[in-house]
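1. this is a predicted model, with the sequence first.
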Amino acid sequence: MKMEPLRRRMAAAAVLALAATTMIGVTSASAAALTDTTWSVSNNQIGSTAVTYTFELTTATAGTIGSVTATVPTGTAGTVGVGTVYGLGAGTAALSGTTLTYTPTTAAAVAAGVPLYIEFTGLTNTTTVGSSTSTVTTMDDTATTPVQIDTADSPSVSFAETSTAVTVDIPQSLTFTNDTPSFTLLMDPSLPALSDLTKDVTVTVKTNAGQGYTLAAKDTELTAPSATGTATYTIPAASDGVATGVATASFAANTVGVSATVTPGGGSLAAVQGAGLAVADNFVGYTTTGETLVSASKPTGNTADSLVLTNRVMIDYNTAAGTYTDSITYTATPTY
């Protein structure tokens, strides 16, 4: 008869234990999604320091909040501190791996529908370009293993490059002009001794070639067919090329040559090369294979380099009658 109350007490204890277990299950099942969850950063450039991360959220479930956690991108670093906080009171901040944690000094009993605002200061952004969301979670104040109350993912934040890579494609450019496509030298019918005729031809070069350019010329010498068509008459060049200059005083009759007056335009002709052409009134001959008249070692800039070529013919009665023709070809070659 005395054993019955004991059995009743044991049964009651078992019911209480079951009830306690059931209450824990109800608390976990009641977790809901936070609303109005946002995440922003004061500077979204990768690797930036002293950045403030701000989280805003609205509770969905009433509970006693012992901490709030928020995930951040891999590589986030810094000595985290606490900025402005609303809704939870004073507390401390910590960064462990990819998780920020704000812990109120005193756990706060917060009703459902209460907006919270937390700033984490002193952070260094990830060095990886891209967009990241943050999972924000409110935790209860259980001492050993805190239990989630509410959670939600925030919209994404984009982390961008600290600089912009700029590519400007500048095409290779060279402009060449020749102000005299053709000319005719008409001898005086009286044909005085050593009749001397000249014609200036101005050529210009403008280029952005980094290493400058060369200007070459070639021709076939002045030639004319005989009256009967059985022979060809030639007025020879003054010399065998630009490397050999012939002074005006020694310029022989029945010859053709060129004198160059160099006019530096954009400055690239400051280091002109070209033997006889470098000296005014020094005549040289064109060649049939072509030779470099001048060379420049840098770009011209916006002002073209100018070269005045004085083509000169001297003849006397030893020159056969006829129409002598020639073609001078100029070639400008840039060096990039």
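-> On my side now, so go ahead.
2. from now on I want contacts and neighbour counts done on CA atoms only, so please keep to that.
-> Fine.
3. contacting residues around residue 36?
-> Going by Cα atoms under 8 Å, 6 or more residues apart in numbering, residue 36 touches 56-58.
4. pull out the buried positions in the helix or strand where it lies.
-> Assessed by DSSP states H and E, residue 36 sits inside strand 35-41. For strand 35-41, burial by neighbour count (16 or more other Cα atoms under 10 Å) applies to 35, 37-41.
5. what strands flank it, and is each parallel or antiparallel?
-> Partner strands and pairing direction for strand 35-41 (DSSP bridges) are strand 51-58 (antiparallel).
6. which outside residues touch the strand it pairs with?
-> 34-43, 83, 112-125.
7. drop anything exposed from those.
-> Applying 16+ other Cα under 10 Å to the contacts of strand 51-58, the neighbour count classes 34-35, 37-41, 43, 83, 115-125 as buried.
8. how close does residue 257 sit to residue 57?
-> 91 Å (Cα to Cα, to the nearest Å).
9. more neighbours: which of those two?
-> residue 257 (27 against 23; other Cα atoms under 10 Å).
10. paired strands for the longest strand anywhere in the chain, with orientation please.
-> Determined from DSSP state E, the single longest strand within the chain is strand 195-207. Applying DSSP bridges, strand 195-207 is found paired with strand 174-178 (antiparallel), strand 305-315 (antiparallel).
11. buried residues in that strand?
-> Those would be 195-198, 200-207, for strand 195-207 by 16+ other Cα under 10 Å.
12. before we move on, what about stretch 169-181?
-> For stretch 169-181, a neighbour-count test (16+ other Cα under 10 Å) marks 174, 176 as buried.
13. so how far is stretch 287-299 off the chain centroid?
-> 34 Å (Cα atoms, centre = their mean, to the nearest Å).
14. now do stretch 208-227
-> For stretch 208-227, the separation from the chain centroid amounts to 40 Å (computed by Cα atoms, centre = their mean).
15. can you start the count at 835 instead of 1 from here on
-> That works, and once the first residue is 835, the last one we named lands at stretch 1042-1061.
16. CA-only coordinates of that stretch, as CSV, when you get a sec.
-> What follows is stretch 1042-1061, C-alpha atoms only, in CSV (Å, rounded to 0.1, in the frame of the first residue of the first chain):
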residue,chain,number,x,y,z
ASN,A,1042,54.3,59.0,-84.3
ALA,A,1043,57.0,56.3,-84.8
GLY,A,1044,58.8,56.0,-81.5
GLN,A,1045,62.2,55.4,-83.1
GLY,A,1046,61.8,57.9,-85.9
TYR,A,1047,61.9,57.2,-89.7
THR,A,1048,64.0,57.2,-92.8
LEU,A,1049,63.4,59.0,-96.1
ALA,A,1050,64.9,57.5,-99.2
ALA,A,1051,64.9,58.4,-102.9
LYS,A,1052,65.8,56.7,-106.2
ASP,A,1053,65.5,57.4,-109.9
THR,A,1054,66.7,56.3,-113.3
GLU,A,1055,68.7,59.3,-114.4
LEU,A,1056,67.5,61.7,-117.1
THR,A,1057,67.2,59.8,-120.4
ALA,A,1058,65.9,60.5,-123.9
PRO,A,1059,65.6,58.4,-127.1
SER,A,1060,67.6,59.4,-130.1
ALA,A,1061,65.9,60.9,-133.1
